[in-house]
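Undergrad: here is my input, please return the structure:
(one chain, ligands or ions: 1)
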Amino acid sequence: MPTDPIVLARDLVRCPSVTPVEGGALKLLETTLKAAGFTVHRVTLREPGTDDVENLYARIGSAAPNLVFAGHTDVVPPGDEKVWTHPPFAGEMAGAELYGRGAVDMKGGIACMVAAALDHLAANKGKPKGSISFLISGDEEGIAVNGTPKLLIWAAERGEKFDHCLLGEPSNVEALGDTIKIGRRGSLNGHLIVTGKQGHVAYPDRVDNPIRGLVTLIEAIQAEPLDQGTAEFSPSNLEFVSVDVGNKTVNLIPGEARARFNIRFNDAHTLDSLKKLIESRAAKAAASKIKFAFKWEPSNAAVFVTKPGPFTDMVRDAITKATGRTPTLSTSGGTSDARFITNYCPVVEFGLVGQTMHQVDERVPLADLRALTAIYREIIDRYFA
Ligand SMILES: [Zn+2]
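TA: Sure thing, here's the model as predicted:
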């Protein structure tokens, strides 16, 4: 039973599924997929101290290969609804565009995946040659704890095997077909704490000002680039985002000074090797004279890349056939759920154009919804050919 991607996108936008609320979005997918013969699981995931979140896994077919479409139905809040030209959860269409929160990030993308899969099934007696699955999180825009990472574990425990995954996040920059994301940089937050000896500012010989030490270490850590970039990535970057002493007094030298920083890093590093590199730069500059310590925040954002090969070529060729554009294979931008999926199978990201995502008047051209459906359909056809 084919589904119109525009109608499905509109109906999904009408579900007010601001994280962690389900809002009817998964129910709608469940109904649509069940009608096409999918086995659908609604999976509620929990963690103490966080909201329970509903997720969905659906599969048709039991044979390999299993092509997985991944995404999320939760959306960021609309902000002040009065400044929207069309209400954020009304699913109104104007000027050949669909307006609403989630139109591009990423209910529009999900509607296209579902429509493409159902088209493919309708053209193939309702059965894929292998399996087609949907891995849909309800917790991507929030803290991302009760979504994809746990849903992947749940699926693995059931014995689900994934061969390739297409994550439908809005990957394109300007026009549909300009960018496939094949990886993401990692992200690591750290604190640098320098300890001195507090005392009267008029008696510097009796104190040890930690601000001097902190400045020295900040200098040393940033003196050299972290790397020169790699085949798939631009150079890693470290930025100090705050320097804090919290001293409100003028005649007191503080006992401690702190700085915070973030590193966006490429596949020249791992989380561990990066920490060692930063710590060794600090130790060298400190020369046993500056007392310092690092505190690293836990990071679930390691770097990953799906190396260009037959799968990325196939996705690229399908995009070119439908749009005439040759997409760039990019690793730029922030992190996404692909960083979790990469531990289970190769994953690439391709969806709508990201320009209006998270903004007031988020909207998608209806033509893009049709074109993305055609691209996904082409990918499915080629995958099972
Ligand atoms: Zn998204």
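Undergrad: what parts of the protein come near the ion?
TA: Contacts of the chain with the ion, taken as CB under 5 Å from the ion, map to 105, 106, 169. C-betas here are computed from N, CA, C, even on glycine.
Undergrad: tally of neighbours for the residue in the chain positioned nearest to the ion?
TA: Closest residue of the chain to the ion, CB to the ion: residue 105 (4.1 Å). Residues within reach of residue 105, counting by other CB atoms under 10 Å, total 26.
Undergrad: ok, and the closest non-adjacent residue to it?
TA: residue 357 (3.8 Å; CB to CB, 6 or more residues apart in numbering).
Undergrad: any buried residues in the helix or strand encompassing residue 281, and which?
TA: For residue 281, the host element (DSSP states H and E) is helix 271-286. Within helix 271-286, the residues scored as buried using 16 or more other CB atoms under 10 Å are 271, 274, 275, 277, 278, 279, 281, 282, 285, 286.
Undergrad: got the contact list for the spatially closest residue to the third one that is not a sequence neighbour?
TA: In space, not counting the residues next to it along the chain, residue 275 is nearest to residue 296; the distance is 5.9 Å by CB to CB, 6+ apart. Contact partners of residue 296, counting by CB atoms under 8 Å, 6 or more residues apart in numbering, are 188, 189, 190, 191, 275.
Undergrad: what subset of the residues you listed is buried?
TA: Among those, those classed as buried by 16+ other CB under 10 Å are 188, 190, 275.
Undergrad: average model confidence for the helix or strand that contains residue 32?
TA: In this structure, residue 32 sits in helix 25-35 according to DSSP H and E. The average pLDDT within helix 25-35 is 98.
Undergrad: that helix packs against which elements?
TA: helix 5-13, strand 39-45, strand 53-60, helix 107-123, strand 131-137 (3 or more CB pairs under 8 Å, 6 or more residues apart in numbering; DSSP states H and E).
Undergrad: rebuild those as TSV, extending it with distance to residue 306.
TA: Converted to TSV, these look like this (distance: least, CB to CB, whole Å):
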stretch	distance to residue 306
helix 5-13	26
strand 39-45	25
strand 53-60	21
helix 107-123	18
strand 131-137	16
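Undergrad: list the buried ones in whatever helix or strand comes next after the helix holding residue 281?
TA: Following helix 271-286 in sequence order, the next helix or strand is strand 291-296 (DSSP H and E). Residues of strand 291-296 classed as buried under the neighbour-count rule (16+ other CB under 10 Å) are residue 292.
Undergrad: how distant is strand 291-296 from the center of its chain?
TA: 29 Å (CA atoms, centre = their mean, to the nearest Å).
Undergrad: which ones among the contacts of residue 296 are found in helices?
TA: Counted as lying in helices by DSSP state H, out of the contacts of residue 296, are residue 275.
Undergrad: of all the contacts of residue 296, which comes closest to residue 348?
TA: Taking CB to CB as the measure, residue 348 lies nearest residue 188 of these, at 23.8 Å.
Undergrad: count the residues that sit near the nearest residue to residue 75 once chain neighbours are set aside.
TA: In space, and not counting its chain neighbours, residue 75 is closest to residue 102: 4.0 Å by CB to CB, 6+ apart. Using other CB under 10 Å, residue 102 has 33 neighbouring residues.
Undergrad: element containing residue 102?
TA: Using DSSP H and E, no helix or strand contains residue 102.
Undergrad: need the pLDDT of it.
TA: 98.
Undergrad: and the gap between it and residue 68?
TA: 21 Å (CB to CB, to the nearest Å).
Undergrad: and what about the residue nearest the centre of the chain, helix, strand or coil?
TA: What sits nearest the mean C-alpha location of the chain, by CA atoms, centre = their mean, is residue 336, with 1.2 Å. Secondary structure assignment for residue 336 (DSSP: H, G, I helix; E, B strand; the rest coil): coil.
Undergrad: ok, the buried residues of helix 271-286 vs residue 88, which is closest?
TA: For the buried residues of helix 271-286, the nearest to residue 88 is residue 271 (37.3 Å; CB to CB).
Undergrad: contacting residues for the closest one?
TA: For residue 271, the contacting residues are 186, 188, 299, 302, by CB under 8 Å, 6+ apart.
Undergrad: just list whatever residues bridge to the second one.
TA: Same thing as residue 188. Taking DSSP bridges as the rule, residue 188 bridges to residue 263.
Undergrad: list the contacts for it?
TA: For residue 188, the contacting residues are 262, 263, 265, 271, 274, 275, 296, 297, 299, 301, by CB under 8 Å, 6+ apart.
Undergrad: give me the pLDDT for it.
TA: Taking residue 188 on its own, its pLDDT is 94.
Undergrad: can you get me a residue count around the closest residue to residue 26 other than its chain neighbours?
TA: Closest residue in space to residue 26, ignoring its immediate chain neighbours: residue 56 at 4.8 Å, by CB to CB, 6+ apart. By other CB under 10 Å, 23 other residues sit near residue 56.
Undergrad: starting at the chain centroid, how far to the helix holding residue 281?
TA: Between the centre of helix 271-286 and the centre of its chain there are 28 Å (CA atoms, centre = their mean).
Undergrad: quick check: pLDDT value at the nearest residue to residue 344 once chain neighbours are set aside.
TA: Distances taken as CB to CB, 6+ apart place residue 162 nearest to residue 344, at 5.1 Å, with adjacent residues excluded. The predicted structure scores residue 162 at 98 on the pLDDT scale.
Undergrad: tell me how far residue 162 lies from residue 346.
TA: Taking CB to CB, one finds residue 162 at 9 Å from residue 346.
Undergrad: who has more neighbours out of these two?
TA: Each of residue 162 and residue 346 had its neighbours counted (other CB under 10 Å), and the higher figure belongs to residue 162 (22 against 18).
Undergrad: which stretch of helix or strand covers the more buried one?
TA: Going by DSSP H and E, residue 162 is not in any helix or strand.
Undergrad: kindly reformat the buried ones among the contacts of residue 296 as CSV containing distance to residue 231.
TA: Putting those into CSV (distance: CB to CB, whole Å) gives the following:
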residue, distance to residue 231
188, 21
190, 27
275, 24
